[in-house]
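Participant: Mind looking at a prediction? Sequence and model below.
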Amino acid sequence: MVRGGKRARGRCYAFTPVFFGANNKGRPAIGRAGCVRRAVNDKENNMLGKSLIGALATAAALWFAIDAAAAFDDSKYPNLRGQWVRARIPVPGGGQAPFDPTKPVGRGQQAPLTPEYQKIFEANLAEQATGGQGNWQGGRCLPVGMPGVMNLYRAMEIVITPEITYFLIDHIRGTMRRIYTDGRDWPAQIEPGFDGYSLGKWIDEDGDGKYDVLEIETRALRLPRAYDPSGLPFHADGNTVVKERMYLDKTKPDTLYNEMTVFDNALTRPWTVKKTYSREGGAQPTWIEDVCAEGQALITVGKDEYFLSGDGYLMPSKKDQEPPNLKYFKQLSK
């Protein structure tokens, strides 16, 4: 028998829970290990209370862990294990992973921009034509953010749990999108982030008892962001909403589709594209770490970008670019 203090006069007022294994429902069976007599003094009583609270907390944690594990049936979900990369779809003009993979990068995307934001996009293209980065923040080692990160400039891993589905993408930083699938509502206040806040829902479309589709809605996206390296802009109000519908090809289980629709006030209408991902690398794929700051040759000073030469000196990134302001450096006399 386990006692919670010295035996003393008085009535029996509590029992210490002890686990004897699991019952027929897969939950821990709790038995009474023995009567706990009233402690002799307040000090022992406080120690006893803390011991009881700790034991009960441990019991509750184990109970819920076993219950959650029993409730999660992995076979109900699609097999999304492995390494997912963007499918290389040949398009005229090519380009580095455009937002719409079926169209050329830049103007060839035919983005439904408002006249105001078309002008902003054209100014961005002119900046890039001189060697600048324009609206694309990836060159500055800033996170690409949603929805550009789903262009998959690096491989993606998908991890499914009962309450959250994770998208892990090691590009520029360790991106970890959390897709909450536990039925929660939108928080009253959300701190904006590059990857935003995402709620999702698993759907069994064909009624066979297994989930086929993951629907996602993402809000609270932080600026600066662009759709792809061409610098296609988002509205400055930061009210972008992105909806995704992800599912495997029924005849090709190593092909994953992402139907993505962007709602943004810089667009004349919602913009929908279909991305295709391929599973590669087999059962034990090689994962490459991506540290943007390592070997970074683009240096940002104020609003300008310069290149770092091989011998460690700043170089202009654009023709006839002025040097940075040396206001806070002591000027050497010639």
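Facilitator: Ah, there it is. Numbering: from 1, shown residues only.
Participant: and T58, how many residues sit next to it?
Facilitator: By other C-beta atoms under 10 Å, 12 other residues sit near T58. Using the backbone N, CA and C atoms, a C-beta is placed for each residue, glycine as well.
Participant: ranges for the strands of this structure?
Facilitator: Assigned by DSSP state E, the chain shows strands spanning 12-22, 28-37, 83-86, 156-160, 164-171, 173-180, 197-203, 213-219, 241-248, 255-263, 271-280, 298-301, 304-308, 314-316.
Participant: Of all those strands, which one comes closest to A97?
Facilitator: Among these, strand 83-86 comes nearest to A97, with 6.2 Å by C-beta to C-beta.
Participant: what about the closest one, average pLDDT?
Facilitator: Strand 83-86 shows a mean pLDDT of 95.
Participant: just to revisit the earlier point, so for Q137, which of the strands of the chain sits nearest?
Facilitator: Among the strands of the chain, strand 298-301 sits nearest to Q137 (C-beta to C-beta), with 10.2 Å.
Participant: Domains in this protein, by residue range?
Facilitator: With domains defined by automatic domain parsing, the chain comprises 12-71, 83-280, 297-334.
Participant: Format those as TSV; extra columns: distance to Y77.
Facilitator: Converted to TSV, the domains of the chain look like this (distance: least, C-beta to C-beta, whole Å):
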stretch	distance to Y77
domain 12-71	13
domain 83-280	5
domain 297-334	41
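Participant: Mean neighbour count, these: which tops it?
Facilitator: Of all the domains of the chain, domain 83-280 has the most neighbours on average by mean count of other C-beta atoms under 10 Å, namely a mean of 17.
Participant: so Y180 touches K201, yeah?
Facilitator: No. Y180 is beyond contact range of K201, at 9.8 Å (criterion: C-beta atoms under 8 Å).
Participant: Same list, the strands of the chain, but as TSV with distance to T102 please.
Facilitator: Shown next, in TSV, are these (distance: least, C-beta to C-beta, whole Å):
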stretch	distance to T102
strand 12-22	53
strand 28-37	54
strand 83-86	12
strand 156-160	20
strand 164-171	21
strand 173-180	23
strand 197-203	25
strand 213-219	21
strand 241-248	17
strand 255-263	12
strand 271-280	7
strand 298-301	30
strand 304-308	31
strand 314-316	36
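Participant: who wins for proximity to G138 among the ones you listed?
Facilitator: G138 lies closest to strand 164-171 among the strands of the chain, at 8.3 Å (C-beta to C-beta).
Participant: so what strands line up beside the closest one?
Facilitator: If you go by DSSP bridges, strand 164-171 pairs up with strand 156-160 (antiparallel), strand 173-180 (antiparallel).
Participant: Which one of those lies nearest to K303?
Facilitator: Per C-beta to C-beta, nearest to K303 of the strands paired with strand 164-171: strand 173-180, 22.5 Å.
Participant: Can you give the distance of that closest one from its chain's centre?
Facilitator: Computed by C-alpha atoms, centre = their mean, to the nearest Å, the chain-centroid distance of strand 173-180 equals 2 Å.
Participant: Run through who's touching it.
Facilitator: Residues outside strand 173-180 that contact it (C-beta atoms under 8 Å, 6 or more residues apart in numbering): 143, 146, 149, 163-169, 195, 198-200, 214, 216, 292.
Participant: what's the average pLDDT for it?
Facilitator: Strand 173-180 comes out at a mean pLDDT of 88.
Participant: can you give me the angle that strand makes with strand 241-248?
Facilitator: With axes from the mean of the first three to the mean of the last three C-alpha atoms, to 10 degrees as the basis, strand 173-180 and strand 241-248 are set at 90 degrees to each other.
Participant: can I get the CA coordinates of strand 173-180 in PDB?
Facilitator: Extracted in PDB, the C-alpha atoms of strand 173-180 (Å, rounded to 0.1, in the frame of the first residue of the first chain):
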ATOM      1  CA  ARG A 173      14.300  29.000 -43.400                       C
ATOM      2  CA  GLY A 174      12.500  26.000 -42.000                       C
ATOM      3  CA  THR A 175       9.000  26.700 -43.100                       C
ATOM      4  CA  MET A 176       6.300  24.700 -41.100                       C
ATOM      5  CA  ARG A 177       2.800  25.400 -42.200                       C
ATOM      6  CA  ARG A 178       0.300  24.200 -39.600                       C
ATOM      7  CA  ILE A 179      -3.100  23.300 -41.000                       C
ATOM      8  CA  TYR A 180      -5.500  23.000 -38.100                       C
END
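Participant: Was I right to think Y211 contacts W202?
Facilitator: Yes. Using C-beta under 8 Å, Y211 makes contact with W202 at a distance of 4.1 Å.
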